[in-house]
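Colleague: Sharing a model prediction with you, sequence too.
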Amino acid sequence: MTNQSIVTTDGVSIFYKDWGPTNAQPIVFHHGWPLSADDWDAQMLYFLGKGYRVIAHDRRGHGRSTQTWEGNDMDHYAADTAALTDHLRLKNAIHVGHSTGGGEVIRYVAQAKPGRVAKAALLGAVPPIMLKTAVNPGGLPMELFDGFRSALAENRAQFFMDIPSGPFYGFNRPNAKISQGLIENWWRQGMMGGSKAHYDCIKAFSETDFTEDLKAVKVPVLIMHGEDDQIVPIANSALLAIKLVSDGTLKTYPDFPHGMASTNPDVINRDLLAFFRK
């Protein structure tokens, strides 16, 4: 199968790629904000070559999916995932989520029908919750996310150049090996999506509390995080999430940035493969 789309019950077209033998174990990849399925190129090709069926979709409002003006929240994202997995009749699937996609994965997996999910992997993921609150004192202040919203509303094109040029890939660090291609590909993916959906998604990834979702997941979970993640700081995400899952493995990477699956795919792909085969 090649590139296709499904239409959800509320009329949203969700674009997806589905490559590989339909009888192979499926891996479903969930991208971060404000990107698309294309952010998984280095993983899709690698795992396709290892004999897996690889699937990735553009979240509603992102990439080639409908530029929604409403429903841009974690419950809808998880429901869209359920609709896609139902449509493809996936069983024993592995779900891999980066950043916002990690939240989407945990919310979906916590509610998934029996037999649907085998394992889950979270990379630089937002759970348990990013925002600083009374019960989450180590979180990031609302002013930071308000700044994101202001920058997006004022000049999205420039904002979407500044993020990958700096903190997302760690290209603002001394001696960083900068890839102009990665920067421009991030920008390209971001600008394909809808500004309203991207604006709303900031609330979804920063304010959603995934504590109960993490506790509810019964399948093995691999939590991978860069120790120099400047977007989703490790202390308030991976180091807390690992304490909430019942069957979790934590792997951290010194000096790796938020976008480590793109900057260091050889290391990330190898460790994912080991987890999948375990």
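Modeller: Right, received. Where do you want to start? Model, not experiment: these values are computed from the prediction.
Colleague: where's Phe205 relative to Asn269, distance?
Modeller: 24 Å (C-beta to C-beta, to the nearest Å). In this view, the C-beta of every residue, glycine as well, is placed from N, C-alpha and C.
Colleague: which residues sit against stretch 79-86?
Modeller: With contact meaning C-beta atoms under 8 Å, 6 or more residues apart in numbering, stretch 79-86 is reached by 6, 8-9, 12, 14, 16, 28, 30, 55, 57, 59-60, 93, 95, 104-105, 108, 111-112, 116.
Colleague: Show me the helices in the stretch 51-200 of the chain, by range?
Modeller: Assigned by DSSP state H, counting those that start in this stretch, the helices in the stretch 51-200 of the chain fall at 74-87, 100-111, 142-165, 180-192, 195-207.
Colleague: How much space separates Ser65 from Gln189?
Modeller: For Ser65, the distance to Gln189 - C-beta to C-beta - is 12 Å.
Colleague: Pick out whichever of these two has more residues nearby.
Modeller: More crowded of Ser65 and Gln189, by other C-beta atoms under 10 Å: Ser65, with 26 against 22.
Colleague: that older thread, what's the ChimeraX syntax to select whichever of the contacts of stretch 79-86 are buried?
Modeller: Here is the ChimeraX command that selects the buried residues among those (16 or more other C-beta atoms under 10 Å):
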select :6,8,12,14,16,28,30,55,57,59,60,93,95,104,105,108,111,112,116
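Colleague: just checking, which of the contacts of stretch 79-86 belong to strands?
Modeller: Taking DSSP state E as the definition of strands, the contacts of stretch 79-86 contribute 6, 14, 16, 28, 30, 55, 57, 93, 95.
Colleague: Regarding the nearest residue to Ala238 once chain neighbours are set aside, what is its secondary structure?
Modeller: Closest residue to Ala238 apart from its sequence neighbours, by C-beta to C-beta, 6 or more residues apart in numbering: His225 at 3.7 Å. Using DSSP: H, G, I helix; E, B strand; the rest coil, the three-state assignment for His225 comes out as strand.
Colleague: number of nearby residues for His225?
Modeller: Neighbours of His225 (other C-beta under 10 Å): 27.
Colleague: now swap in Phe47 and tell me
Modeller: Counted with other C-beta under 10 Å, Phe47 comes out at 25.
Colleague: please renumber so the chain begins at 25
Modeller: Sure thing, new numbering starts at 25, so read that last one as Phe71.
Colleague: what does the host helix or strand of it rub up against?
Modeller: Phe71 belongs to helix 65-73 when assigned by DSSP states H and E. Identification of contacts with helix 65-73 by C-beta under 8 Å, 6+ apart yields 41, 43-44, 51, 53, 78, 80, 120, 285-286, 289, 292-293, 296-297.
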